[in-house]
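Participant: starting from these lines, generate the structure:
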Amino acid sequence: MKFHRSLFILASLCVILSCKKTSFITSSDALLLTSTDTLHFDTVFTTTGSITQSFKISNINDQKLLLSKIELAGGANSAFKINVDGVAGVSFSNIEIAANDSIYVFVEASINPNTNNLPFLVQDSINITYNGKEQRVQLDAYGQNAHFLRNATVTKDTIWNSELPFVILGSLTIEEGKTLTINKGVQVYCHAEAQLIVNGSLHAFGESGNKIIFAGDRLDDYYKDLPASWQGIIFAENSKNNMLNSCEIKNASDAITVNNPSTDNNPKLKLNECVISNASGSGIFSSNSSVDAVNCLIYNCGNNIQITAGGDYNFTHCTVAGYSNNFVSHLNPVLSITNADSNNQTFALNANFINSIFYGDNGIVSDEIFVQQSGSSFFNLNFENDLYKGGGSLGNFTNCIQNQDPLFVNIDAGENVFDFHLQEGSPCINAGKKTFITTDLDNNTRNDKPDIGCYEAE
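Facilitator: Next up, the predicted model:
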């Protein structure tokens, strides 16, 4: 009798366990893995215009998982086509994946290389919905109508015009003694490891309303504001006479790096009406070099302006601001200056900051200007008609406004909205010193009593 009872219990357990393994897991805690989060079609489509890749969707639970939907977000009009476990389509419903099993999704990029108005970077996504949750696999493919440069070198004076974007893969190096001139409206998109190394000269001549763009090459919603999407621009030791006018440089690791003194009497780098933002490291990092900046906006970088080992600097009518947001935490002062290098060797410093704003919030920084003077090297640091947040620092401060909110028009870090124009009632209005600068970042006319910062209030 006991034997039969034991058999009955054993059989019942087998049935229960079998049912558990064959039933569906419905919890929102169910785990699903994709073998990649992005399929990148790094191809210039010149003949067939298509290539196929795949990824795997894995159910790592001990029960079956029901995918309520796998769909191509762009639908039938997408430049991509998908195939789920051998079946082609754009949307699939109620797909079962056995416990600890997987299925394959095949993706084809079908791009007509003769389409004149084709975006240079075609993007879409595959959305996977299960148990009330959604996962996404991003898709992007390079189209034909862009200039693709992989580990390229500028070996002669070269001009870029705006008829097509430029996509940099690897690096772009400008040889010493050579000049790359970039004309208004050009868009330069850089892949993750890409950097521009300037041994010669870079002349970028954008215009207000027709800026030159330097950015990462991922333009889909999640990645378009992601810091460290590319490496940045490096002005190397022998580089000289660099000019950036009306340029936007965003989402780099270190947006601009300037090394060593100029080899002539001109500043190594001149910046006019430029916007530098969202760098994970420095917006401007300069080591014993020389930079002149006018009407520039530098914001939300790990270090907005970082000056080391002295040098010669002039920043006039600039707005330098830092706010913690979804991408970069405001952990460092927006302006850091030291006359020493990493080996504690000191160098002469001459720096002037006129009619500029140094301000931040939503972080741990109380003093937005950090200055460290070492040794007996020449040290001249002037702040004139500036607004700054902090307790005061080394240097000469003349007609400055301390610890007042500049009253920017709209700062909403949660929504990633940052408008640094000045509200009515801002202490920066009419508080500047008249200089040679007659317009602002928007190319609006400055008054005889100009406003502090890169924008003149209307």
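
Participant: which residues in the protein form helices?
Facilitator: 2-22 (DSSP state H).

Participant: show me how it divides into domains.
Facilitator: Listed by automatic domain parsing, the domain ranges of the chain are 32-142, 147-422.

Participant: with distance to Thr26, mean neighbour count and mean pLDDT added, can I get those in a markdown table?
Facilitator: Just so you know, the C-beta spots here come from the backbone N, C-alpha and C atoms, and that holds for glycine as well. Shown next, in a markdown table, are the domains of the chain (distance: least, CB to CB, whole Å; neighbours: other CB atoms under 10 Å; pLDDT from 0 to 100):
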| stretch | distance to Thr26 | mean neighbour count | mean pLDDT |
| --- | --- | --- | --- |
| domain 32-142 | 6 | 16 | 85 |
| domain 147-422 | 28 | 20 | 94 |
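
Participant: okay if I get the ones you listed as TSV plus distance to Gly453?
Facilitator: Below are the domains of the chain laid out as TSV (distance: least, CB to CB, whole Å):
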stretch	distance to Gly453
domain 32-142	34
domain 147-422	4
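
Participant: please identify which of the ones you listed is closest to Ile452.
Facilitator: Closest approach to Ile452 among these is made by domain 147-422 (5.2 Å; CB to CB).

Participant: show me what the residue lying closest to Trp230 once chain neighbours are set aside is bridged to.
Facilitator: Spatial nearest neighbour of Trp230, chain neighbours left out: Cys190 (3.6 Å); criterion: CB to CB, 6 or more residues apart in numbering. Applying DSSP bridges to Cys190 yields these beta-bridge partners: Ile168, Gly216.

Participant: for Cys190, what are its contacts?
Facilitator: Taking CB atoms under 8 Å, 6 or more residues apart in numbering, we find Cys190 in contact with Val167, Ile168, Leu196, Phe214, Ala215, Gly216, Asp217, Ser229, Trp230, Gln231.

Participant: Gly392 is in contact with Asn403, correct?
Facilitator: No - contact criterion CB atoms under 8 Å: Asn403 and Gly392 do not qualify, at 9.7 Å.

Participant: quick revisit: nearest to Ile357, of the contacts of Cys190?
Facilitator: Distances from Ile357 to the contacts of Cys190, taken by CB to CB, are shortest for Phe214, at 23.5 Å.

Participant: so how far is Thr263 from that closest one?
Facilitator: Distance, Phe214 to Thr263, using CB to CB, to the nearest Å: 24 Å.

Participant: same check, this time on Gly75
Facilitator: Distance from Gly75 to Thr263, counting by CB to CB: 57 Å.

Participant: same check, this time on Phe397
Facilitator: Distance, Phe397 to Thr263, using CB to CB: 33 Å.

Participant: please apply the same query to Gly363.
Facilitator: On the measure of CB to CB, Gly363 and Thr263 end up 38 Å apart.

Participant: and Asn210, by the same measure?
Facilitator: Relative to Thr263, Asn210 is positioned 31 Å away (CB to CB).

Participant: likewise Ile213?
Facilitator: Per CB to CB, Ile213 is found 29 Å from Thr263.

Participant: again, but for Ser91
Facilitator: Counting by CB to CB, the gap between Ser91 and Thr263 amounts to 61 Å.

Participant: could you do Glu96 as well?
Facilitator: To Thr263, Glu96 is 68 Å away according to CB to CB.

Participant: nearest residue to Lys268 in space, please, no chain neighbours.
Facilitator: Nearest to Lys268 is Ser262, by CB to CB, 6+ apart, at 4.1 Å.

Participant: surely that neighbour touches Asn288?
Facilitator: No - taking contacts as CB under 8 Å, Ser262 lies outside contact range of Asn288: 10.5 Å.

Participant: which residues does Cys247 contact?
Facilitator: Contact partners of Cys247, counting by CB under 8 Å, 6+ apart, are Ala204, Gly206, Lys211, Ile212, Ile213, Phe214, Leu271, Cys274, Val275.

Participant: identify the residues contacting the one residue sitting closest to the centre of the chain.
Facilitator: Nearest residue to the geometric centre of the chain (CA atoms, centre = their mean): Asn251, 1.1 Å. By CB under 8 Å, 6+ apart, the residues touching Asn251 are Ala215, Gly216, Lys224, Asp225, Leu226, Pro227, Ala228, Ser229, Trp230, Ser277, Asn278, Ala279.
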